[in-house]
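> With the sequence up front, the predicted model follows.
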Amino acid sequence: MASIHDVAKEAGVSVATVSKVINNYPDVSDKTRKKVSQTIKQLKYHPNVAARGLVKGRSWTVGVFVTTSFTNPFVSELLEGIKTALQNSGYDLVLLSTRFDDPNYSFVEHCLSRNVDGVVGFGVARNDPHLEELLESDIATMFVDADIRGRRAGYITTENKAGIMQAVEHLVELGHSRISFISGELDKAVGVLRHEGFMEGMKAHNLSVNPDYVRISDYSMEGGTRAMNDLLALNERPTAVVCTSDMMAFGAINVIHRSGLSVPEDISVIGFDNTYYSEIFSPALTTVNQNIPSIGSHAIETLIAMIENSDFAPSVVTEPSNLVVRCTTAKPRK
């Protein structure tokens, strides 16, 4: 196995120069940089990451913590985007197993013990007691779908409110007025914004919101199942349902079919996420699209910028959303 000394000798430069090329220091000529890089490739030299970390004061790892179930396809597609962004960055991924239900648990100490350079967090509630400690630390942090900012923390989200308003508008254009809303938890920013989008969307079309038609649940298939069972038990059921995740919509559709009704002939259903399964589900799901892999990639790109430049101001990134019309929405029965 070649060493850094072998590279220096073959390239005719000092060990210090090889180190500068490896660590991307600017005070090396293009000619020398090219020569050293070619020699590294020729000798199949692999720099020691631990030693590189000592030089740069980094571990070249970023942590990811997720408080949502990994069975949710949103999570897998988010991680795919994160993986793609990391591939050519020089950083590796560490999955942090959090214990937020333990009052004595310190997330900051956990990060420090794993020696991560920064973290990406998903599924964090605004009122989480561990947030204050994290925001007061020097750990570079990017949150996904959580409007949480700090001196070293930014977040990335999608046009949640606008996406739900597009869903309502689509249903109104089809002729629906008895529109129900299955919402996610309101202790998270994404839940609040999508709830606001539904309320504002209905108001924009001069439609009143039946309180019985608004159900608060969780973002899982089981959450959609429970909420849809409640809606079908009403004396006058809705003709359309807007869900705040694809998984909720899948659960709602299963309940509708088991009750002997049809989607979209009897009840139209709209999801939110446009995960991979929304297209292959039967019937194919009409849903609000958010580019989940892009969210993951941009979260990592912004996080690395924060890690590598202590003066970089944590940013707020908003990805666009748009409605994808498939097979679960139609005009209401007359």
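Structure's in. What do you need?
> Need the nearest residue in space to residue 84, chain neighbours excluded.
Nearest non-adjacent residue to residue 84, counting by Cβ to Cβ, 6 or more residues apart in numbering: residue 297, 5.7 Å away. No exception for glycine: its C-beta is placed from N, CA and C like everyone else's.
> Contacts only, for that neighbour.
By Cβ atoms under 8 Å, 6 or more residues apart in numbering, residue 297 lies in contact with 81, 82, 84, 85.
> any idea which element the third one lies in?
Applying DSSP states H and E as the criterion places residue 84 in helix 73-86.
> Hmm, residue 301 is touching residue 86, no?
No. Under the criterion of Cβ atoms under 8 Å, residue 301 makes no contact with residue 86, lying 9.8 Å away.
> Which stretches in the stretch 201-334 of the chain count as helices?
221-232, 246-258, 276-280, 292-308 (DSSP state H, counting those that start in this stretch).
> Just name the most buried of those.
helix 246-258 (a mean of 23; mean count of other Cβ atoms under 10 Å).
> now for that helix, which elements pack on it?
Here helix 246-258 touches helix 73-86, helix 221-232, strand 240-243, strand 268-273, helix 276-280, going by 3 or more Cβ pairs under 8 Å, 6 or more residues apart in numbering; DSSP states H and E.
> Restrict that helix to CA atoms and write it as PDB.
C-alpha atoms of helix 246-258 as PDB (Å, rounded to 0.1, in the frame of the first residue of the first chain):
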ATOM      1  CA  ASP A 246     -49.500   9.800   0.500                       C
ATOM      2  CA  MET A 247     -49.400   7.200   3.300                       C
ATOM      3  CA  MET A 248     -52.500   8.700   4.800                       C
ATOM      4  CA  ALA A 249     -54.200   8.700   1.400                       C
ATOM      5  CA  PHE A 250     -53.400   5.000   0.900                       C
ATOM      6  CA  GLY A 251     -55.000   4.200   4.300                       C
ATOM      7  CA  ALA A 252     -58.100   6.300   3.500                       C
ATOM      8  CA  ILE A 253     -58.500   4.600   0.100                       C
ATOM      9  CA  ASN A 254     -58.300   1.100   1.600                       C
ATOM     10  CA  VAL A 255     -61.100   2.000   4.100                       C
ATOM     11  CA  ILE A 256     -63.300   3.500   1.300                       C
ATOM     12  CA  HIS A 257     -62.900   0.300  -0.800                       C
ATOM     13  CA  ARG A 258     -63.500  -2.000   2.200                       C
END
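> how much does that helix deviate in direction from strand 268-273?
If you take axes from the mean of the first three to the mean of the last three Cα atoms, to 10 degrees, helix 246-258 sits at 160 degrees to strand 268-273.
> Please shift the residue numbers so they start at 358 in all later answers.
OK, 358 is where the count begins now, so the last one is helix 603-615.
> So for helix 603-615, mean pLDDT?
Mean pLDDT, helix 603-615: 97.
> Now do residue 632: how many residues are near it, please.
Neighbour count of residue 632, defined by other Cβ atoms under 10 Å: 24.
> so what's it up against?
Neighbours of residue 632 in contact, by Cβ under 8 Å, 6+ apart: 430, 431, 434, 603, 649.
> Dump those to CSV, plus distance to residue 628.
Converted to CSV, the contacts of residue 632 look like this (distance: Cβ to Cβ, whole Å):
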residue, distance to residue 628
430, 11
431, 11
434, 14
603, 4
649, 13
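> measure residue 475 to residue 647 for me?
From residue 475 across to residue 647, the span is 23 Å (Cβ to Cβ, to the nearest Å).
> Now do the strands in the chain.
For the chain, applying DSSP state E gives strands covering 418-423, 449-452, 475-479, 497-501, 510-515, 536-540, 571-573, 597-600, 625-630, 643-647, 673-676, 678-681.
> Packed most tightly, which of the ones you listed would that be?
strand 597-600 (a mean of 31).
> Give me the contacts around that one.
Residues contacting strand 597-600 (Cβ under 8 Å, 6+ apart): 521, 524-525, 528, 531, 533, 535-539, 555, 581, 585, 588, 606, 609, 624-629, 686, 689.
> Partner strands of that strand, with direction?
Paired neighbours of strand 597-600 in the sheet (DSSP bridges): strand 536-540 (parallel), strand 625-630 (parallel).
> what inclination does the first one have with respect to helix 578-589?
Orientation of strand 536-540 against helix 578-589 (the same axes, to 10 degrees) gives an angle of 150 degrees.
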